[in-house]
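Trainee: Provided below for reference: sequence and predicted model.
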Amino acid sequence: MSAVAVERLRKTFGEITALDDISLTISHGEFLCVVGRTNAGKSTLLKTIAGLHRADSGRVIIGGRDVTSLPPHKRRVSMLFQNIALFPTITGRDNIAFPLRTANVSAEAIDRRVRSIAETLKVEHVLDRLPRTFSGGEQQRIAIGRAIIQPGDLLMLDEPLTNLDASIRIRLRIEFKKLRRELAQTIIYVTHDQVEAMSLSDRVAVIDQGRIQQIGSPDDVYHRPLNRFVAEFIGSPPMNIIDAELGEVDGRVSLTGAGFSLPIDETDGWRLRNTKLPQQVAFGIRPERIIVAPTPTNEAPIGAEILWVEHLGNRSIVALRMGEAALKAVVAPNRPLGTDRHVWIGLRPDPHHLLSRETGIFFQLAS
Amino acid sequence: MTAKLRLSGISKCFAGRDAVRDLSLTLDRGEFLSLLGPSGCGKSTTLAMIAGFITPDAGDILVDGARINDLSPRRRRVGLVQQDYAVFTSLTVRANLAFGLEVKGLGRSARRSAVDRLARLFDLGDVLDRRGGTLNMSEMQRVALARSLASEPELLLLDEPMSNLDAESRARLRGELRQLQKSLAQTVLYVTHDQAEALSMSDRVAVMRDGEIVQVSTPDDIYYRPANRFVAEFIGDPPLNLIPCDVSADAARMAIALAGGAVFHVSAAPIAWGRQWLGVRPHDIELVGEAAPGTVPALLRFVENFGARHVLHAEYASDLIRIETVSAARSIGETLHLRFSPERALLIDRSSECVVPFRPLEAAA
């Protein structure tokens, strides 16, 4: 039995359909990230599961109980929002302990529980201080402590890192990842940042326009995207999508377009021949799969122009123009590209990354 | 005309606390400089003093050599864009762009041609007649930038202009904003807490902490040659590894020994013998197939999978070390064999927290 099941959930606000027939299940102890753009429906989904919104139709089942018509406090879920609201006049300790004070729990048991959580979250040093003396990261961790002190059937986090400085966000993401292994909790985590989603999740649910576009492991959504939205949303810079014509050149299956002709390997070519595909297609290529060289080579035979380069330290993003197509490539840091704007590039398209220009859906190949 | 900016010893104190302390900085004509630092480091206060919203307690603000401390904000020829953009939501894009020009007293036809030019430049032609409230974030940002440039400022000040955008738009707009700045040769002072923005867009980066500039240099220097521990740890995603090491004398040279048996021989460096730190970027650690001289073992605890790259978190020297790699096929609990290379490592003095330069004499022994 799954820990959480959402069945055919619909929610509209006037003319706007926020959730359009959403179904998903989450296993016990699973960490699921819901990722998408602003207004994709992510927070509405979370709030509908928590009972803060009433669904127009569909069911929410948590821990085997149909909670669709239960009020929020009877659903045994805890929730942490983007704007952390700690009680300003009580200490870190009392903030964490708050949910237990109203329950019938002995002072000694509360103390033991707070101590253990504070140790896990590394906030022992701020337990006796007031929230205004906390750093952003400390506030965040105290708020997490409060959300997990009374373990429910489900913990939901709505963009918990979004309002923090980038450097704290990076460190807390890693802390979360560590912490997650110590909490035997079923977790739904909402974010607009695919880096967080990829890092933290067992599975990622990519959502757009109130619909789930794909649910899968980080590897699934990255390497086997179902449609163009997922391909472009997951990964930074996004997957390059280029229009091409699928046909035979000198007896080999090839993708051709303005200024390029890319032969496909024999085995893959055979599979493409055995799949009914249109002639006019598009193909996707991940930026790190593009080879960039200062001189023409067998691996990099196509002329291209560098538009600009972004150095990020651990890698550099190169914006390129190849014929009519604009591309982004990722190269190792400080790799000499020459001073010339003119470079040579190599593309080896993955046959699984062919998609329909009209529908944006990736083709499934014959095996 | 885009200008040169010089800050000379400016300070600002709020309620007994120094927000900015004796800060000096020069921006060349057409330069893109980022003020990078954590919340509360004084970067926005510095910007507000240049814009004229806050009066410095001491020091001079000079634009092309002329002191502007006593000019009112509206008489300073400075464009400012903040987080919230302040685009008028009930006015059309055209009216938003014309707003600054009207204030300047420009005639109707001159206004119209200036608006058309800005719309072309910022690719806003299609939305000129839409109201501000109907724009998406990227359009909103372009309107705010275009409007700030409409009055042809000598200096453009940007205060975290992307922090309200989602991660996807931020990554896309970085490159576009930089190209635009270059084509206009506009002097820009850009305030951010995001090291990726600062590294990727700037000619130079000034890292700030507690009201002071810690280091000003090119993005490359900031990343590879940080001045101290703070800069080294603030920059980089995933963050730098700080590994305890033992420095000792070794004939005419020095030896840096790491837990697990790796030793580097280096030229004499100005650092005390004993326990110090070695700073190593996660992508500068090599994974070796099996134990070999110079490698150290580490136990893989968990993996962050980003698709194109993986960050391995492994137990080493009683802490977790981060290793960035492209290949993934490893299992939790497996022993990894790591090789550090002294070429890119940073030697950090534990007491002063300064980065100490050294020269490796040979590969790991």
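Mentor: Ah, there it is. Numbering: from 1, shown residues only, chains lettered A, B, ... in the order given.

Trainee: Surely A:Val204 is in contact with A:Pro225, unless I've mixed up the numbering?
Mentor: No: using C-beta atoms under 8 Å, A:Val204 is not in contact with A:Pro225; the gap is 11.0 Å. Heads up, the C-betas are built off the backbone N, CA and C, glycines and all.

Trainee: that's a helix at A:Asp21, yeah?
Mentor: No: assessed with DSSP: H, G, I helix; E, B strand; the rest coil, A:Asp21 is strand; it does not lie in a helix.

Trainee: For A:Leu347, see how far away it is.
Mentor: Going from A:Asp21 to A:Leu347 by C-beta to C-beta, to the nearest Å gives 38 Å.

Trainee: re earlier: could you tell me which residues touch both of A:Val204 and A:Pro225?
Mentor: Common neighbours of A:Val204 and A:Pro225, using C-beta atoms under 8 Å, 6 or more residues apart in numbering or on different chains, are A:Gln214, A:Ile234.

Trainee: and the residue of the stretch 251-367 of chain A nearest chain B?
Mentor: A:Glu310 (3.8 Å; C-beta to the nearest C-beta).

Trainee: What are the phi and psi values at that residue?
Mentor: Phi and psi for A:Glu310, reported as degrees, to the nearest 10, are phi -110, psi 120.

Trainee: any idea which element the residue positioned nearest the centre of chain B lies in?
Mentor: In chain B, the residue lying closest to the centroid (C-alpha atoms, centre = their mean) is B:Ala198, at 2.9 Å. Per DSSP states H and E: B:Ala198 is located in helix B:195-201.

Trainee: Mind checking if that helix is in reach of chain A?
Mentor: Yes: contact between helix B:195-201 and chain A, assessed by C-beta under 8 Å from any C-beta of the partner chain, occurs at B:Gln195, B:Ala196, B:Leu199, B:Ser200, B:Met201.

Trainee: Between A:Asp21 and A:Leu347, which is the more surrounded one?
Mentor: Neighbour count, other C-beta atoms under 10 Å in any protein chain shown: between A:Asp21 and A:Leu347, A:Leu347 has more, with 22 against 14.

Trainee: packing partners for the helix holding B:Ala198?
Mentor: helix A:166-182, strand A:302-311, strand B:32-36, helix B:167-184, strand B:188-192, helix B:219-224 (3 or more C-beta pairs under 8 Å, 6 or more residues apart in numbering or on different chains; DSSP states H and E).

Trainee: so what's residue 35 up against?
Mentor: All of this refers to chain A. By C-beta under 8 Å, 6+ apart, A:Val35 lies in contact with A:42, A:190-194, A:196-197, A:204-207, A:233-234.

Trainee: wrong one, chain B
Mentor: Applying C-beta under 8 Å, 6+ apart, the residues near B:Leu35 are B:Lys43, B:Thr46, B:Leu47, B:Leu189, B:Tyr190, B:Val191, B:Thr192, B:Ala206, B:Met208.

Trainee: A strand includes the third one, no?
Mentor: Put plainly, it is B:Leu47. No: read with three-state DSSP, B:Leu47 is helix and lies in no strand.

Trainee: any idea how far it lies from A:His223?
Mentor: With distances taken as C-beta to C-beta, B:Leu47 is found 43 Å from A:His223.

Trainee: Please work out which residue of the stretch 251-365 of chain B is closest to chain A.
Mentor: B:Gly307 (3.3 Å).

Trainee: Assign a three-state SS to the closest residue to that residue other than its chain neighbours, would you?
Mentor: In space, B:Gly307 comes closest to A:Tyr222 once its chain neighbours are excluded; the distance is 3.3 Å by C-beta to C-beta, 6 or more residues apart in numbering or on different chains. What three-state DSSP gives for A:Tyr222 is helix.

Trainee: My guess is A:Tyr222 contacts A:Met198. True?
Mentor: Yes: counting by C-beta under 8 Å, A:Tyr222 touches A:Met198, with 7.0 Å between them.

Trainee: Overlap of the contact sets of those two?
Mentor: Residues touching both A:Tyr222 and A:Met198 (C-beta under 8 Å, 6+ apart) are A:Ile234, B:Asn305, B:Phe306, B:Gly307.

Trainee: before we move on, the earlier item: narrow the contacts of A:Val35 to those in strands?
Mentor: Using DSSP state E, the members of the contacts of A:Val35 that fall within strands are A:Val190, A:Thr191, A:Val204, A:Ala205, A:Val206, A:Ile207.

Trainee: Pick out whichever of these sits closest to chain B.
Mentor: Of the ones in strands among the contacts of A:Val35, the one sitting nearest to chain B (C-beta to the nearest C-beta) turns out to be A:Thr191, at 8.5 Å.

Trainee: Most widely separated two among the contacts of A:Val35?
Mentor: Farthest apart among the contacts of A:Val35 by C-beta to C-beta are A:Val190 and A:Ile234. That separation is 15.6 Å.

Trainee: can you redo the helices and strands packed on helix B:195-201 as CSV with distance to B:Leu149?
Mentor: Formatted as CSV, those follow (distance: least, C-beta to C-beta, whole Å):
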stretch, distance to B:Leu149
helix A:166-182, 26
strand A:302-311, 20
strand B:32-36, 14
helix B:167-184, 7
strand B:188-192, 10
helix B:219-224, 24
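
Trainee: Of those, which is nearest A:Leu155?
Mentor: helix A:166-182 (10.2 Å).

Trainee: Show me where chain B dips below the pLDDT cut-off.
Mentor: B:1, B:103-104, B:362-365 (pLDDT under 70).

Trainee: domains of it?
Mentor: B:5-87+B:135-233, B:239-356 (automatic domain parsing).

Trainee: tell me the most buried of the ones you listed?
Mentor: Stretch with highest mean neighbour count among the domains of chain B: domain B:5-87+B:135-233 (a mean of 19; mean count of other C-beta atoms under 10 Å in any protein chain shown).

Trainee: For chain B, just list every one of the helices.
Mentor: With DSSP state H applied, chain B shows helices at B:43-51, B:93-104, B:108-121, B:137-150, B:167-184, B:195-201, B:219-224, B:229-234, listed in chain order.

Trainee: Of these, which is nearest B:Ser34?
Mentor: helix B:195-201 (3.9 Å).

Trainee: Need the residues that contact the closest one.
Mentor: So helix B:195-201 is contacted by A:166-167, A:310-313, A:317, B:32, B:34, B:36, B:162, B:170-171, B:174-175, B:177-178, B:181, B:190, B:192, B:205, B:219, B:222-223, B:234-237 (C-beta under 8 Å, 6+ apart).

Trainee: The same query, at a cut-off of 7 Å, please.
Mentor: Outside helix B:195-201, the residues that touch it by C-beta atoms under 7 Å, 6 or more residues apart in numbering or on different chains are A:166-167, A:310-313, B:32, B:34, B:36, B:162, B:174, B:177-178, B:190, B:192, B:205, B:219, B:223, B:234-235, B:237.

Trainee: tell me the contacts of the residue in chain A that chain B sits nearest to?
Mentor: The nearest approach of chain A to chain B comes at A:Tyr222, 3.3 Å away (C-beta to the nearest C-beta). Residues near A:Tyr222 by C-beta under 7 Å, 6+ apart: A:Ile234, A:Gly235, B:Gly307.

Trainee: burial of the first one, as a residue count?
Mentor: Burial of A:Ile234 is recorded as 27 neighbouring residues (other C-beta under 10 Å).
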